[in-house]
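Undergrad: Sequence first, predicted model second:
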Amino acid sequence: MKKGRLFYGWWIVSACAALNFYVGGVFFYGFGAFFDPIRNHFGWSYAAVSFGNSIQRLEGGIAAPVVGFLFDRFGPRKLMLFGLTVAGLGFISFSYVNSLWMYYLSFAIVSIGFSTGGAGIAQATVVNWFIRRRTLAIALMMAGFGLSGSLVPVVLRVIDSIGWRDTLMYIGFGVWLVGLPVALMMKHRPEKHGLLPDGDAMEAQSPPTGGSGSLEQPIGRKPALPEINFTVKEAIKTRAFWLIAVTYSIQVLATSAVFVHVIPHLTLLGMRDISGYALMGMTICSLVGRLGFGFLGDIKDKRRLLVVTLILQCIGMLILANISTWWLIIPFLLTYGPAYGGPIPMRPAIIGEYFGRKSFGGIQGLMHTVTVAGGVIGPIFAGWMCDLNGDYYLGFMILAFTSLAAIPVILAAKRPTLDRPGQVITLQ
């Protein structure tokens, strides 16, 4: 592949952002719009409906290591083609749900599809194509999710117009229409196409003994710290791996609960008419965190930036729990939105910074398996508390203060050293 005017890595970022925009709007954020219609249709409890989202999280945690290893070996294109095909079939199966077990099975099918061909694969691909501008590139890619909230009011209107079953079927067709062309654009590593990460050029160097030049030195700024590459086995033996995993497990307890239950929460408070716009505002405000912390993450200590997001998350959750009138949604959005968006690009960026690119897929997959606990527990806990108390107040209050427990954990996660026979690299 010849080097064009625009580095191909940015085309990958743009394509993945478009896919994230659609998937986020119709599933990760938009599926909350289906919560009450499905629950009311079948008469199921809040906890029972919430468990579907927990199945999605649990399946993702189980599949992540396998998918990560497959990514490192085969690259993104085949995985995304398979995964997005399966995800589309899962949405179509949702439209035929007539029992709780079929509802859970449909969630599992969609989850398998997106685990194999969704955001995790997109992140791993972008990590391979960038080093110096990695956090910013991931932030721009994940900005698609931030903008996707604008689709949630549309989903609500479509459900009211044609019903939840037909809406889910059309969403499945949309996954194929949007996702499969994106999958065809994916390329594994820039080095396989005569390029370097970040679009750096190669400078020919003549060997000391003469002869033809060799392409060895990149033109342009080098990374602030030298890149090192841990194997999966080496990574999981480090203290940093587990501290980062625990941090995100705690952080996602609240975020997973909010995106499943914010529409039901506001509906119970008599605000269903604006609940979709509140979720849209949440994702749009998360762009401040995604892009702002994405920019800062390449020049500042990511651990301290994560501390800021955890404090803001606690404040936002406290406001959400105590909402009594519509205008309180505004301070909730301004605090929780950036707090939710900020950690998203920093997670794959800090994994790449600490452990390198070579085994990134496997390392990120195993870490996701650990962090999935928070994503499984959060929605069920919030739904269970609502079943017990008739509202979400106590559940959201508990989750708010739980977020603060991750602060000392992430501050203890220092960049690890790599010590191999004949090679000792120490990085602080």
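TA: Cool, got the structure.
Undergrad: what about Glu191, neighbour count?
TA: A count of neighbours around Glu191, defined by other CB atoms under 10 Å, yields 12. Glycine gets a C-beta too; all of them are placed from N, C-alpha and C.
Undergrad: That one and Ile131, how far apart?
TA: 12 Å (CB to CB, to the nearest Å).
Undergrad: With Met142 instead?
TA: 18 Å.
Undergrad: next one: Thr417
TA: Distance from Thr417 to Ile131, counting by CB to CB: 19 Å.
Undergrad: and if you look at Gly316?
TA: 32 Å.
Undergrad: Looking at those two, which is more packed in?
TA: Set Gly316 next to Ile131 and count neighbours by other CB under 10 Å: Gly316 wins out with 27 against 23.
Undergrad: other SSEs contacting whichever strand or helix holds the more buried one?
TA: Taking DSSP states H and E as the definition, Gly316 sits inside helix 302-321. Counting contacts by 3 or more CB pairs under 8 Å, 6 or more residues apart in numbering; DSSP states H and E, helix 302-321 packs against helix 239-268, helix 272-296, helix 329-341, helix 343-355, helix 393-402, helix 407-411.
Undergrad: List the buried residues for it?
TA: 302-303, 305-310, 312-321 (16 or more other CB atoms under 10 Å).
Undergrad: same thing with stretch 406-423?
TA: 406-407, 409-410, 413, 415-416, 418.
Undergrad: cool, and stretch 322-335?
TA: 323, 329, 332-335.
Undergrad: Would you mind giving those residues as a markdown table with pLDDT and distance to Arg290 added?
TA: What follows is these, written out as a markdown table (pLDDT from 0 to 100; distance: CB to CB, whole Å):
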| residue | pLDDT | distance to Arg290 |
| --- | --- | --- |
| Ile323 | 91 | 24 |
| Ile329 | 90 | 20 |
| Phe332 | 93 | 18 |
| Leu333 | 92 | 14 |
| Leu334 | 93 | 15 |
| Thr335 | 94 | 15 |
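Undergrad: Of all pairs in the residues you listed, which one is the farthest apart?
TA: Distance extremes for those: the farthest pair is Ile323 and Leu334 at 13.6 Å, using CB to CB.
Undergrad: name the helices or strands packed onto the helix or strand hosting Thr85?
TA: Using DSSP H and E, Thr85 sits in helix 76-94. On a contact count with 3+ CB pairs under 8 Å, 6+ apart, helix 76-94 meets helix 46-74, helix 100-117, helix 119-129, helix 164-185.
Undergrad: Centre of the chain to it, how far?
TA: Relative to its chain's centre, helix 76-94 lies at 17 Å (CA atoms, centre = their mean, to the nearest Å).
Undergrad: contacting residues around it?
TA: Residues outside helix 76-94 that contact it (CB atoms under 8 Å, 6 or more residues apart in numbering): 67, 70-71, 102-103, 105-118, 121-122, 124-125, 168-169, 171-173, 175-176, 179-180, 182-184, 186-188.
Undergrad: what's the average pLDDT for stretch 29-37?
TA: Stretch 29-37 comes out with an average pLDDT of 82.
Undergrad: Run through who's touching that stretch.
TA: 24, 49, 53, 145, 148-149, 151-152, 155-156, 159, 164, 167-168, 259-264, 267, 272, 276, 279, 282-283.
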